[in-house]
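*Asks:* pasting a predicted model and its sequence here:
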Amino acid sequence: MSLRRTGATAWRVLEQLRRDPRTVAMIVVVPLVLMLLLRYAFDSEPLLFQHIAPILMAIFPFVLMFVITSVAMLRERTSGTLERLLAMPIAKLDLLVGYGLAFGAVTIIQVVLVLAFVLGPLGVSISGSVFVLGLFAVLDALLGMALGLCLSALARTEFQAVQLLPAVVFPQLLVCGLFAPRGQMAGVLQGLADVFPLTYAVDGVTRAAASTAWTGGLVEDLVIVAACIPLALGLGALTLQRRTR
Amino acid sequence: MMNSVEVEGLNVTRGGLRVLTDLTLSVGEGTVTGLLGPSGSGKTTLIRAIVGVQRIESGSVRVLGLPAGVADLRHRVGYLTQAPSVYRDLTVRENLRYFAGVLGVGATRVDQVIADVSLGGEAGARVDRLSGGQQSRVSLATALLGDPSVLVLDEPTVGLDPVLREELWSLFHRLGASGVTLLISSHVMEEATRCERLLLLRAGRLLADDTPDELLRQTGESDMDAAFLHLVRGSGVVA
């Protein structure tokens, strides 16, 4: 790996984003609009919204980053630029980490805005630390990004890339504890939830919002989510083949 | 003379179809060699094998004495894909700056290659606003960026007007004269006369490996189109 190549890649991805203000606007505005919608969907049950808002703080950036990066990587493949880059002296991780840095910077802006919006105008109050909640939200977005980069290798066309969302993200959403407490689900689903990274992301934000205490559960969530990011990037590097058929 | 590219007994199958069959050929150092053949004859697959991005079944491909595609070669081989492989949403200069960052070459080299492909006036324009011919020249500039010893160009002059074609061919010859080895694929036979040596592919097999003059003499034809037809029809291989 090389700092220069990773940095050049991150800068190039940011330049591409700068030329695509609509995508940037969507990354930043869509989570805010969804939060607003939800706030009024639970208009008569403000306590429930208090409980759900932090969870969605993990899920919205995760889903959005997953979709954006899987499409970005597919574009790199179909435009032939991936083949060109792999014929050049660049490490696969230069490319993936470069993407990670660029999208990570955007993610931080996104999370700061959502946090400010939810805790300010939407009137959610948390007992935990805002910083730790924000840290989890950023890590969850990076996890979505890393999974998107990794799994985009499975998609050969745009249609397939879009289908990755229901195929890969929805199952994680369904068993992560958002719709039903994990303790009440069938045993098989509990086992499934235990191996899905999103479960730990959601558990982490819930704990972070509930208390400032660094409990063992919170540390475990943080470590698992943080470890899944390089793991997914590493798997992503394995899917980038310099030689193709 | 040394050979920059040596292909021996190369077999490649793609999607269950045999694309290259027992191909043996070489490209001399510092020569401008044309790779000709009808569409579907395996030109692009051979080029991909030389660059090291094609999975091969058997045989060997060596470039500058090393197995094709090894890390040491990625600095020394320039590759132009058939379709322009640059970022369409970035400007010409932004594209080249990025690839310059990857290759570790400076900003002056960026300006130099932009001038080499006559895109000085378009350097600040987004690639997707450019014409097809301009886009393929951005791609060519990228291939030139790292000062490669071997340049492998897949149809670099497609869609260009005669003036630009002329400019690019004189650039190729300048590069050749400075010691760069160029392998240039084309299906325009008229361009064949500009090469020092020709490799003629058909149905994944090497049909001829000779100088343009020698090919004309052997076939008794007066132009390359006719010589090519002569060879293709006379070979007895069914395409």
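*Replies:* In hand now; what should we look at? Residues are numbered from 1 along each chain as shown, chains lettered A, B, ... in the order given.
*Asks:* the longest helix seen in chain A and chain B, are they touching?
*Replies:* The helix that spans the most residues within chain A, counting by DSSP state H, is helix A:46-78. No: on the criterion CB under 8 Å from any CB of the partner chain, helix A:46-78 is out of touch with chain B, staying 8.9 Å away. For the C-beta atoms, the positions are set from N, CA and C on the backbone; glycine is no exception.
*Asks:* pLDDT on that helix, on average?
*Replies:* Helix A:46-78 shows a mean pLDDT of 88.
*Asks:* bridged to the most centrally placed residue in chain B, which residues?
*Replies:* Centroid-nearest residue in chain B, with CA atoms, centre = their mean: B:Leu153, separated by 2.1 Å. With DSSP bridges as the criterion, B:Leu153 is bridged to B:Leu80, B:Ile184.
*Asks:* now B:Trp206. Its backbone dihedrals?
*Replies:* That one is not Trp; residue B:206 is Leu. phi -80, psi 120 (degrees, to the nearest 10).
*Asks:* quick one: neighbours of it, just the number.
*Replies:* 20 (other CB atoms under 10 Å in any protein chain shown).
*Asks:* same check, this time on A:Glu158
*Replies:* A:Glu158 is flanked by 12 other residues according to other CB under 10 Å.
*Asks:* tell me what the lowest-mean-pLDDT helix or strand in chain A is packed against?
*Replies:* One helix or strand of chain A scores below all others by mean pLDDT, DSSP states H and E: helix A:158-164, with a mean of 85. Secondary-structure packing of helix A:158-164 (3 or more CB pairs under 8 Å, 6 or more residues apart in numbering or on different chains; DSSP states H and E): helix A:46-78.
*Asks:* can you pull the buried residues of the helix it packs on?
*Replies:* A:49-50, A:52-77 (16 or more other CB atoms under 10 Å in any protein chain shown).
*Asks:* same deal with stretch B:184-192?
*Replies:* Quick answer for stretch B:184-192 (16+ other CB under 10 Å): B:Ile184, B:Ser185, B:Ser186, B:His187, B:Met189, B:Glu191, B:Ala192.
*Asks:* one step back: ok now the longest helix of chain A, how far from the chain's centre?
*Replies:* With CA atoms, centre = their mean, to the nearest Å as the basis, helix A:46-78 stands 5 Å off its chain's centre.
*Asks:* is it true that the residue nearest to the centre of chain B touches B:Ala143?
*Replies:* Yes: with contacts counted by CB atoms under 8 Å, B:Leu153 reaches B:Ala143, the gap being 6.8 Å.
*Asks:* quickly list what's touching both of the two.
*Replies:* Common neighbours of B:Leu153 and B:Ala143, using CB atoms under 8 Å, 6 or more residues apart in numbering or on different chains, are B:Leu80.
*Asks:* that older thread, mind listing which of the buried residues of stretch B:184-192 are in strands?
*Replies:* B:Ile184, B:Ser185, B:Ser186 (DSSP state E).
*Asks:* for chain A, state which of those residues is nearest.
*Replies:* B:Ser185 (15.7 Å; CB to the nearest CB).
*Asks:* mind listing what that closest one touches?
*Replies:* Applying CB under 8 Å, 6+ apart to B:Ser185 gives the contacts B:Gly34, B:Leu35, B:Leu36, B:Lys43, B:Thr44, B:Ile47, B:Leu153, B:Asp154, B:Glu155.
*Asks:* what of A:Leu74?
*Replies:* For A:Leu74, the contact set (CB under 8 Å, 6+ apart) comprises A:Ser152, A:Ala155, A:Thr157, A:Glu158, A:Ala161.
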